[in-house]
Every structure is written in structure tokens, then in C-alpha cells.
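# Would you be able to build a 3D model of this:
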Amino acid sequence: MITVPEGLMERLLETQPAPPGMDSREIARRAIEFDGPPRIPYSFMVPMKTDFFETAVLEWLERGQEKPESDPGMGDVRYDEWGVGWEVTTRWWDHSFYHPLCDLGELDGYRFPGVADPERFTWMVPHLERAREAGKYVAAHNPIGMFERMRHLLGFEELMIAPYTQPDGLEALLDRLTDLTIASMDQWVRIGPVDAFMSAEDWGLQTQLQMKIDTFREFYKSRYARIVAAAHERGMHYIWHNCGFITDMIPDMIEIGVDVVQLDQP
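Sure, this is the predicted structure:
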């Protein structure tokens, strides 16, 4: 169980302006479904003013409260539960250097972590209850993040050439991660209700996608379509945080039913 600073919860749960009989959740729903919202829903971090309750914020807190045996320094090495080796940078993101599935022939013997185990989600229950009572639109985070996870499991270079050198293994791994993603949705439904399933997976570089759009369509699109459909079947919107120059991808995202594209850096 993590400790969530009460001051942070107060700011996350602060009531935002709404017409009589309406709350943040309804405003966000109406905006997403093109149903005449009275204003644009928003999520500002500084100062914190938001219609949304994003469980990812609590997930980041949980990571920050994990106590290493000693304070990591520049160049120190750690391994996560996926078996990925990281070199500590002391910045926002460390640098992955060991990729356990660079050879996808190892997939059959690879042991996936229990990222969809019930105990990983149950601690969120009281926080979700408070968010619902406060009338917030609850966006549950995706603990897998398929494309981001692939980059760490294979390494960037190997991920880029895998469609040509290891296509069967690539498809098998994508199927496993898709199944895990949907299993995690079921856990949110179990402790919910939640309003949306939100994934952070950046596909763009500064001037183009990270791969040809045809490659995305051949290997990835049908898997994302399954995930989006699963969210809708469970009564959730699908929100995709996707930074970079993703113009070529947006028609495909619309086609598979993505409800919201969230861009910090378009």
C-alpha cells in the first residue's frame, strides 16, 4: 500500500465548475461522445485543475515510494520484473541496455510478470471510490503499454528489423501482450467502474512515424483493434496518449475506434 499525500488527493479531487446537475465526469463523457458538452473538459497540472482522475498518477507515486537498498547513482544497473536491464541516468528515464527478447526464439521459455494479477489493482479501490464520489472522470492506466514494452523487450534496433527478420516471433509476442492488456482491463472492471482505459505509447518521431505505416498496419493494427474493442465491450472509452508526428496514423486510429488522442507534443 502506498501513501498518497492528502494535499495531492485534495487537488486531484477538487470540484471543477459545472452547470447544475452536472459534474466533471458527465462533461468529459459528453465531449468524448460529441453529445453537447457545456464546456471543454480539461486537465491542467500547474496549477492542478482537472476533470479527470488518472490512476497513472498513483502508479507513479507507487514507483517513487519503492525503496532501493541504496540510492542509485549515475551508471548503476538495475533489472525490472520483465528482465530488462537498465542503466541509471538520474533523470526522468533510465536507459535500457539488456533486452531479454531480442531473440524472439526465446519467447516460449520467457516468463511474463504478473502484471494483471488482482493484488496489483486492489489497493486502488479506496482511491477510485473517492474519485467517483467527487464526480471525476476516471481514466485507468494501461500497465503494459504494448509498443513501449516491445521497445524494451527487444531493443529499438531489433524491434525495427523484427518484421523482416523475426516476423512470426513478433506476431506471437504481440498476441501475448494483447492478451495481457485485455486481462488488465478485466481487473479494472472488477474494482471499477472506470470510465476509460488510457495507454501511453508514443509512435512518432519529430517528422515521421518510427516505422512505415504499412508495417504498423500489417503487424500492430489488428492487435490494437482487439484492445480498443475490448475496452468498448467493457463499457470504457479508449484514450491513447501518442506523441510525435503521427499524422499518418490518425486515420487508422479513428478506424479502429480510438475515442481520444492525447498529444503532449504533436
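
# Please enumerate the strands of this protein.
If you assign secondary structure with DSSP state E, the strands in the chain sit at 43-45, 48-50, 52-54, 77-79, 85-87, 95-98, 137-141, 196-200, 237-241, 260-262.

# distance of residue 230 from residue 182?
Between residue 230 and residue 182 the distance is 5 Å, computed by C-beta to C-beta, to the nearest Å. All C-beta spots, glycine's among them, are computed from the backbone N, C-alpha and C.

# next one: residue 257
15 Å.

# between the two, who's got more neighbours?
residue 182 (19 against 15; other C-beta atoms under 10 Å).

# low-scoring pLDDT stretches of the chain, where are they?
Within the chain, the ranges that satisfy pLDDT under 70 run 1-3, 61-72.

# Tell me where the longest helix sits in it.
In the chain, with assignment by DSSP state H, the single longest helix is helix 167-191.

# Would you mind getting the angle between it and strand 196-200?
An angle of 140 degrees separates the directions of helix 167-191 and strand 196-200 when computed by axes from the mean of the first three to the mean of the last three C-alpha atoms, to 10 degrees.

# what helices or strands is helix 167-191 leaning on?
If contacts are counted by 3 or more C-beta pairs under 8 Å, 6 or more residues apart in numbering; DSSP states H and E, helix 167-191 sits against helix 119-122, helix 146-154, helix 156-165, strand 196-200, helix 221-233.

# Run the chain-centre distance for that helix.
Computed by C-alpha atoms, centre = their mean, to the nearest Å, the separation of helix 167-191 from the middle of its chain amounts to 13 Å.

# Need the contact partners of it.
Around helix 167-191, the neighbours that count as contacts under C-beta atoms under 8 Å, 6 or more residues apart in numbering are 101, 104-105, 107, 112, 115-116, 118, 120-122, 124-125, 128, 140, 142-144, 146, 149-150, 153, 162-163, 194, 197, 199, 219-220, 223, 226-227, 230-231, 234-236.
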